[in-house]
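1. Let's see this in three dimensions:
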Amino acid sequence: MTDVSPDELAERLYDDEREDVLVLDVRHEAEYEEWHVPYSVNVDVYDELVEDREAAEEQLAGLPDDREVVTVCAAGVVSQTATELLGEMGYDAATLTDGMNGWSRVHRSAPVPADLEGTLVQVARPGKGCLSHVLLSDGEAAVFDPSHYLDEYDAILEEHDADLVGVFDTHAHADHVSGGAELAERHDVPYYLHPKDALEIDATPIEDGETLEVGTVDVDVIHTPGHSEGSVSFDLEGEALLTGDTLFHESVGRVELGVEAGIEDSDVEGNAATLYEGLQRLLDRPADAVVLPAHDPGSPDPPVTATLGDVEAQNADLDRDREEFVETLASDIPDHPPNFERVKRTNVGQEDVPDEELSELELGPNRCAAE
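-> Numbering: from 1, shown residues only. This next block holds a predicted model:
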């Protein structure tokens, strides 16, 4: 049986070779609509592959035969049956290893165009919509919002021959398990998190107005609560704004997750009002600063960037006055991220999830933006 690794598929899809491959998702349509590999097509044939291969063959018979078919399901099991059947039908077929579980582990990186005395690398995780960043300057490095796949960041440090001096989280995330504390411990450096989010986790506190240095680059801390009580943004010398889940390119952070996870004493309306005030502080920054959020709602390929001026022009949430903003965010609650209560509790130190459960816990789409 031929397999295609998630990393290999990502390279083919994002590096202009996607016309040579047809990604076939055999899951139920509702699962596909919620979360899927970009550029894939869905043929809802999962039940037939399990129960009636002849019926499955009929549904798959119309697929184009001029390119390789890579089959996808949740864990790469039923899709292997699809690959076997397609092979019998004369197709060149392979299975995505571990299915969507494997796709969730893919990381891709690229430099961010920012005028800094150093290099800023964006690490995208297309299967989760997560964006993290590595600042490298004068032989030192800092990592912002890392996933728990730590080798991805160690490889960047090694490539740039840089020593890690700190790990930062913009907030206690709700959609994925942070690797921040573990990465900091691995390198014996501080893990920085605002005290309002570091409820029961060992972290070095950061406060509004504080400035830290990474090489020759100043990192200014801006407390921008609302998405979470401890949300912060980082201003890199007016050239780049790491906005976490406070400000996205076309939306803003949702305001009810911490309340509904039972870790905040605030209410949704109060969080929305607080977020509005925090956003005004960000909008005072230079219009040509590059806005770098911690998530992108699609399947991002780095670098995902926009200037603050462009964000102001395209983000409808920023056009609302305070009253409309609060009313909209407090009343229009989209679907929650999968397992967000446990993920959130893990990231504030209230729950310890075994390593073997981490990947499964955070599977599914990113839903940290207000809609």
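
2. Give me the buried positions along stretch 147-154.
-> Buried residues in stretch 147-154, counted by 16 or more other Cβ atoms under 10 Å: 147, 148, 149, 150, 152, 153. Backbone N, C-alpha and C define where each C-beta goes, glycine included.

3. From the residues you listed, which land in helices?
-> Judged by DSSP state H, the buried residues of stretch 147-154 include 152, 153 as members of helices.

4. Kindly indicate which of the buried residues of stretch 147-154 lies nearest residue 350.
-> residue 148 (16.8 Å; Cβ to Cβ).

5. Disregarding flanking residues, what is the spatial nearest neighbour of the closest one?
-> residue 179 (3.8 Å; Cβ to Cβ, 6 or more residues apart in numbering).

6. do residue 320 as well
-> Per Cβ to Cβ, 6+ apart, closest to residue 320 is residue 328, 6.4 Å.

7. list the contacts for that neighbour?
-> 317, 320, 370 (Cβ atoms under 8 Å, 6 or more residues apart in numbering).

8. Output the residues you listed in JSON lines; the columns should cover neighbour count, distance to residue 80 and secondary structure.
-> Shown next, in JSON lines, are these (neighbours: other Cβ atoms under 10 Å; distance: Cβ to Cβ, whole Å; DSSP: H, G, I helix; E, B strand; the rest coil):
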{"residue": "317", "neighbour count": "20", "distance to residue 80": "44", "secondary structure": "helix"}
{"residue": "320", "neighbour count": "15", "distance to residue 80": "49", "secondary structure": "coil"}
{"residue": "370", "neighbour count": "23", "distance to residue 80": "39", "secondary structure": "coil"}
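
9. backbone phi and psi for the spatially closest residue to residue 139 that is not a sequence neighbour, please?
-> Excluding its sequence neighbours, the residue lying closest to residue 139 (Cβ to Cβ, 6+ apart) is residue 162, at 5.8 Å. With angles defined as degrees, to the nearest 10, residue 162 sits at phi -120, psi 150.

10. Residue 162 contacts residue 136, correct?
-> Yes: counting by Cβ atoms under 8 Å, residue 136 is a contact partner of residue 162 at 4.9 Å.

11. Between those two, point out the one with more neighbours.
-> residue 136 (26 against 22; other Cβ atoms under 10 Å).

12. after the helix or strand that contains the more buried one, next one along is what?
-> Using DSSP states H and E, residue 136 falls within strand 130-137. Using DSSP H and E, the helix or strand that directly follows strand 130-137 along the chain is strand 140-144.

13. Can you give the contact residues for that following strand?
-> Residues outside strand 140-144 that contact it (Cβ under 8 Å, 6+ apart) are 132-135, 153, 156-157, 160, 162-170, 180, 183, 214-215, 219, 234, 242, 294.

14. Could I have the CA atoms of that strand written out in CSV?
-> The C-alpha coordinates for strand 140-144 follow below in CSV (Å, rounded to 0.1, in the frame of the first residue of the first chain):
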residue,chain,number,x,y,z
GLU,A,140,19.6,35.3,20.1
ALA,A,141,16.1,34.1,19.6
ALA,A,142,12.6,34.2,21.0
VAL,A,143,9.6,32.0,20.1
PHE,A,144,6.1,33.3,20.3
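
15. Can I take it that residue 59 is in a helix?
-> Yes: counting by DSSP: H, G, I helix; E, B strand; the rest coil, residue 59 is located in a helix.
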